[in-house]
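*Asks:* Any chance you can model this:
(2 chains)
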Protein chains: 2
Amino acid sequence: MNESVTAAVLIIGDEILSGRTKDKNSGYIAEYMTAIGIDVREVRVVPDIEAEIVAALDALRHRYTYVFTTGGIGPTHDDITADSVAKAFGVSIDVDPRARELLLTRIAEKDLNEARLRMARIPAGADLIVNSVSAAPGFRIGNVYVMAGVPTIMHAMLDVVAPTLKTGARMLSETVRTNLREGDIGGPLGQIAKAHPETMIGSYPFLEDGRPNTQVVVRSRDAEKLAAAKSEVESMVAEVKAKLRQTA
Amino acid sequence: MNESVTAAVLIIGDEILSGRTKDKNSGYIAEYMTAIGIDVREVRVVPDIEAEIVAALDALRHRYTYVFTTGGIGPTHDDITADSVAKAFGVSIDVDPRARELLLTRIAEKDLNEARLRMARIPAGADLIVNSVSAAPGFRIGNVYVMAGVPTIMHAMLDVVAPTLKTGARMLSETVRTNLREGDIGGPLGQIAKAHPETMIGSYPFLEDGRPNTQVVVRSRDAEKLAAAKSEVESMVAEVKAKLRQTA
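*Replies:* Predicted coordinates:
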């Protein structure tokens, strides 16, 4: 199997932990990364507390190829992500002339008050992440990509970031809708999973009009191995159905 | 301020990290806990890998009053949460007669195959969490509550669990819609936040029909302190608007 490129997502914000705002950013980033061949291995949501942000950054950035953060880079007192990232990397932080210029492309100089200038505070040594939606940039330092929390802005930033990332072989995926209960296929599915170590086989129960059903998802970076495992799952599903008809 | 009761949410499942399934459980639990006076301080999403689940459980269960997990308690080979929890707590795990009885209330004995019996594997010393939707129970061991990943089942389990939890003083919350840009209020809002240390003041920008707007959320466990801070935010918003009209 090819070496995989990995990532973690770090969502920063009290409003997510209180349930007031429902996080959609981590799912968006996960789907985006999967599509370009990067494996998201972990997601964390932490509050607007510097020590928590620094601890999460340090846990994640040494472990995964990339870390993507969203939230906490606006102009108000609770926007402490940039300062926290600077602290985690042990670098200074100040108003960055490039970022200030970017703000001035959309904000009149007379309106560039102290609060708005907070959005130009960038850790020393970071590259800016510009975006087409808003003036305030995100930034990259080391393997950490710091993006906005507002989804439309984050999406625009991710479009800028994605072409610069190292990507692995894309994870391929096939879904088999079984029309069976999970408990009917659990045994033979486990056998198939064991026999196909280079595929990942997941079983996902769901209720449809109150009736239990199951989707089996087979994933692999190797198209042939994927096809072989999928075919075995399909045969197994047909066999289980035939058996159930006999005993019904 | 009253002593707070805290919680972490641990979402277990490859399908969340691949973006195939969008996690709604963490937001649901966060909102639920906030409403009953429990502070969710952290959310993590980890893959179906025992070592990852054990590491996350050990990081979270010693730090917060409660840990709520969802996912990985079904009948298939990728359902490894119960075994991982047993490992984290250093206890044995086997088919639990109480859980087996529960399964038999909805599953005919002839259908209780090895796969389905996996759903009766419960760590030694755990209490069962029954639910009104499905036969397979969740369980509690120590301060860890292990629930299903299917949202409707998880909701039913949470309704059973909630009345048994120690709760703190409820966090009260007021929202002020400013109709201003975040950068216009950042300075004075920071002053208000400093002057009201027993409230938490968050500023949340959003785009409405493409126009930037901001909601300020004031939170406190003390109703009077909340009202005082909210009132200052409203006065500040009115002042900023008056100033902006003058300079327009």
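*Asks:* any weak-confidence spans in chain A?
*Replies:* Chain A contains residues with pLDDT under 70 at A:1-2, A:248.
*Asks:* domain ranges for it?
*Replies:* A:5-164, A:172-247 (automatic domain parsing).
*Asks:* how about the strands of chain A, start to end?
*Replies:* A:5-12, A:38-46, A:66-70, A:93-95, A:121-123, A:127-129, A:138-141, A:144-147, A:172-177, A:200-208, A:211-220 (DSSP state E).
*Asks:* out of the ones you listed, deepest packed?
*Replies:* Scoring the strands of chain A by mean neighbour count under mean count of other C-beta atoms under 10 Å in any protein chain shown gives strand A:66-70 as the most buried, with a mean of 28. C-betas here are computed from N, CA, C, even on glycine.
*Asks:* ok, and does it reach over to chain B?
*Replies:* No: Strand A:66-70 lies out of reach of chain B by C-beta under 8 Å from any C-beta of the partner chain, never closer than 12.7 Å.
*Asks:* who does that strand pair up with?
*Replies:* Using DSSP bridges, strand A:66-70 pairs in its sheet with strand A:5-12 (parallel), strand A:144-147 (parallel).
*Asks:* List the buried residues in the longest helix along chain A.
*Replies:* Longest helix in chain A, counting residues (DSSP state H): helix A:223-247. Buried residues in helix A:223-247, counted by 16 or more other C-beta atoms under 10 Å in any protein chain shown: A:225-226, A:228-230, A:232-233, A:236-237, A:240.
*Asks:* Just want the angle from that helix to strand A:200-208.
*Replies:* 50 degrees (axes from the mean of the first three to the mean of the last three C-alpha atoms, to 10 degrees).
*Asks:* still on that earlier bit, output the buried residues of helix A:223-247 as a markdown table; include the columns distance to residue B:218.
*Replies:* Formatted as a markdown table, these follow (distance: C-beta to C-beta, whole Å):
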| residue | distance to residue B:218 |
| --- | --- |
| A:225 | 55 |
| A:226 | 52 |
| A:228 | 58 |
| A:229 | 54 |
| A:230 | 53 |
| A:232 | 57 |
| A:233 | 53 |
| A:236 | 57 |
| A:237 | 54 |
| A:240 | 56 |
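*Asks:* one step back: now the strands of chain A in CSV, please, with extra columns for distance to residue B:160.
*Replies:* Shown next, in CSV, are the strands of chain A (distance: least, C-beta to C-beta, whole Å):
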stretch, distance to residue B:160
strand A:5-12, 29
strand A:38-46, 25
strand A:66-70, 34
strand A:93-95, 48
strand A:121-123, 47
strand A:127-129, 45
strand A:138-141, 43
strand A:144-147, 39
strand A:172-177, 31
strand A:200-208, 18
strand A:211-220, 20
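*Asks:* Identify whichever of these lies nearest to residue A:187.
*Replies:* strand A:200-208 (11.5 Å; C-beta to C-beta).
*Asks:* Please name every helix or strand in contact with that closest one.
*Replies:* helix A:182-195, strand A:211-220, helix B:14-17 (3 or more C-beta pairs under 8 Å, 6 or more residues apart in numbering or on different chains; DSSP states H and E).
*Asks:* export those to JSON lines and tack on distance to residue B:246?
*Replies:* Below are those laid out as JSON lines (distance: least, C-beta to C-beta, whole Å):
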{"stretch": "helix A:182-195", "distance to residue B:246": "66"}
{"stretch": "strand A:211-220", "distance to residue B:246": "60"}
{"stretch": "helix B:14-17", "distance to residue B:246": "51"}
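*Asks:* Select, out of the ones you listed, the one closest to residue A:245.
*Replies:* helix A:182-195 (12.0 Å).
*Asks:* now the closest one and strand A:211-220, what's the angle there?
*Replies:* Using the same axes, to 10 degrees: helix A:182-195 against strand A:211-220 is 10 degrees.
*Asks:* Is there any residue in helix A:182-195 that contacts chain B?
*Replies:* Yes: Helix A:182-195 lies within reach of chain B by C-beta under 8 Å from any C-beta, at A:182-187, A:189-190, A:193-194.
*Asks:* ok, those residues vs chain B, which is closest?
*Replies:* Nearest to chain B out of the residues of helix A:182-195 next to chain B is residue A:186 (C-beta to the nearest C-beta; 2.4 Å).
*Asks:* Report how many residues lie close to that closest one.
*Replies:* When neighbours are defined as other C-beta atoms under 10 Å in any protein chain shown, residue A:186 has 24 of them.
*Asks:* Which residues are in contact with the nearest residue to it once chain neighbours are set aside?
*Replies:* Leaving aside its chain neighbours, residue A:186 sits nearest to residue B:115 (2.4 Å; criterion: C-beta to C-beta, 6 or more residues apart in numbering or on different chains). Contact partners of residue B:115, counting by C-beta atoms under 8 Å, 6 or more residues apart in numbering or on different chains, are A:182-187, A:189-190, B:75-76.
*Asks:* got it, and residue A:27?
*Replies:* B:16, B:19, B:22-23.
*Asks:* Just send the contacts of residue B:115 back as JSON lines, with distance to residue B:151 too.
*Replies:* Formatted as JSON lines, the entries for the contacts of residue B:115 read as follows, by distance: C-beta to C-beta, whole Å:
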{"residue": "A:182", "distance to residue B:151": "16"}
{"residue": "A:183", "distance to residue B:151": "19"}
{"residue": "A:184", "distance to residue B:151": "22"}
{"residue": "A:185", "distance to residue B:151": "22"}
{"residue": "A:186", "distance to residue B:151": "21"}
{"residue": "A:187", "distance to residue B:151": "26"}
{"residue": "A:189", "distance to residue B:151": "23"}
{"residue": "A:190", "distance to residue B:151": "25"}
{"residue": "B:75", "distance to residue B:151": "18"}
{"residue": "B:76", "distance to residue B:151": "18"}
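*Asks:* ok now do the closest residue in space to residue A:71 that isn't next to it in sequence, which residues does it touch?
*Replies:* Counting by C-beta to C-beta, 6+ apart, residue A:71 lies nearest to residue A:149, which is 3.3 Å off, once chain neighbours are set aside. Applying C-beta under 8 Å, 6+ apart, we find residue A:149 in contact with A:11-13, A:25, A:70-74.
*Asks:* ok, so of those residues, who is nearest residue B:38?
*Replies:* residue A:13 (18.2 Å).
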